[in-house]
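A.B. asks: Got a sequence here, can you build the structure:
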Amino acid sequence: MLTLAIECATKTIGLALLEEEDIRGELYLRSGRHHTEVLLSALEQLFILTGKTLKEVDLLACTVGPGSFTGLRIGVSTVKGLALAMSAPVVGVSTLETLAMNAVHSSGLICPLIDAGNNQVYTGLFRIGSDGVPQAVTSEKLIDITLFLKNLDQEEIVFLGDGAVRHAKLIGETHRGIVCGRGQQKLLGSAVGLIGLRRYHGGSVLDTLTFTPRYLRLSEAETKAGFGTAINR
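C.D. replies: The predicted structure is shown next:
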């Protein structure tokens with residue numbers, strides 16, 4: 001089975017092609033350019049480099065949030081378009097779960113932190129399951145980093161993500177956890193593909209026509225319109 005994985009939830013783009021669980025090719029981009037400017041050309045380059053074609057793809061996997069409104073919309077709409085054109089199934093993967101894969105060898109709690117601005121982070125707690133992928137211990141949330149750290153148990157935790165880098169000093173002052181280095185902060189397409197493939201074999205497939213990103217917060221327009229505060233969707 002050939003899986004195409006797409007990750008666009010933050011400022012970076014991660015793409016990968018996996019034949020079963022073997023990574024045939026992978027691209028990671030942090031160009032500073034808008035995702036719409038580079039995503040399709042990067043996909044084309046991935047197929048050229050691997051010698052594969054879009055017609056050979058059996059499964060699509062993508063991150064569905066939380067993360068950037070724009071990045072998630074671009075990623076999800078691209079995957080929907082490809083899936084409909086190819087009649088291929090789609091599997092959704094949490095952005096935080098993808099990030100937690102960077103600590104796959106940890107035997108304890110893993111805490112991915114994605115910076116959401118205004119002293120807030122997208123976060124949740126995970127452990128690596130028997131199948132080798134992160135399993136959620138808590139629900140994912142958007143929360144003030146100070147409040148989040150204050151309420152954490154003092155079990156040793158591995159923190160990672162751009163939110164962990166940004167708030168490393170605060171983490172060190174309030175918790176005895178380990179903050180991973182910058183080399184372990186990437187959201188990789190291969191992680192999306194591996195999680196997605198195992199989820200697909202477990203029978204989890206999205207409805208291509210109706211699935212939407214999970215933002216965990218209101219857009220600026222919705223906030224100004226008075227729709228309330230953070231939400232799960």
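
A.B. asks: Now do the contacts for the residue minimising distance to the centre of the chain.
C.D. replies: Taking C-alpha atoms, centre = their mean, the centroid of the chain lies closest to residue 95, which sits 2.0 Å from it. Taking C-beta atoms under 8 Å, 6 or more residues apart in numbering, we find residue 95 in contact with 7, 9-10, 63-67, 114, 122, 187. Yep, even glycine has a C-beta here, placed from its N, CA and C like the rest.

A.B. asks: at 6 Å instead, please
C.D. replies: By C-beta atoms under 6 Å, 6 or more residues apart in numbering, the contact set of residue 95 is 9, 63, 65-67.

A.B. asks: Likewise for residue 116?
C.D. replies: Residue 116 makes contact with 122, 142, according to C-beta under 6 Å, 6+ apart.

A.B. asks: Which parts of the chain belong to which domain?
C.D. replies: 2-95+186-224, 96-184 (automatic domain parsing).

A.B. asks: Give me the distance between residue 6 and residue 155.
C.D. replies: 34 Å (C-beta to C-beta, to the nearest Å).

A.B. asks: neighbour count winner among those two?
C.D. replies: residue 6 (27 against 11; other C-beta atoms under 10 Å).

A.B. asks: Find the residue closest to that one in space, skipping its chain neighbours.
C.D. replies: Residue nearest to residue 6 in three dimensions, not counting chain neighbours: residue 62, with 4.6 Å by C-beta to C-beta, 6 or more residues apart in numbering.

A.B. asks: How about residue 47?
C.D. replies: Nearest residue to residue 47, sequence neighbours excluded (C-beta to C-beta, 6+ apart): residue 53, at 6.1 Å.

A.B. asks: So for that neighbour, what's the pLDDT?
C.D. replies: Confidence at residue 53, expressed as pLDDT, is 96.

A.B. asks: count of neighbours near it?
C.D. replies: 10.

A.B. asks: swap in residue 144?
C.D. replies: For residue 144, using other C-beta under 10 Å, the count is 13.

A.B. asks: what's the pLDDT at it?
C.D. replies: At residue 144, the model reports a pLDDT of 97.

A.B. asks: One more: residue 153?
C.D. replies: Reading off the confidence values, residue 153 has pLDDT 84.

A.B. asks: and it, which of the three is it?
C.D. replies: State at residue 153, reduced to three classes by DSSP: H, G, I helix; E, B strand; the rest coil: coil.
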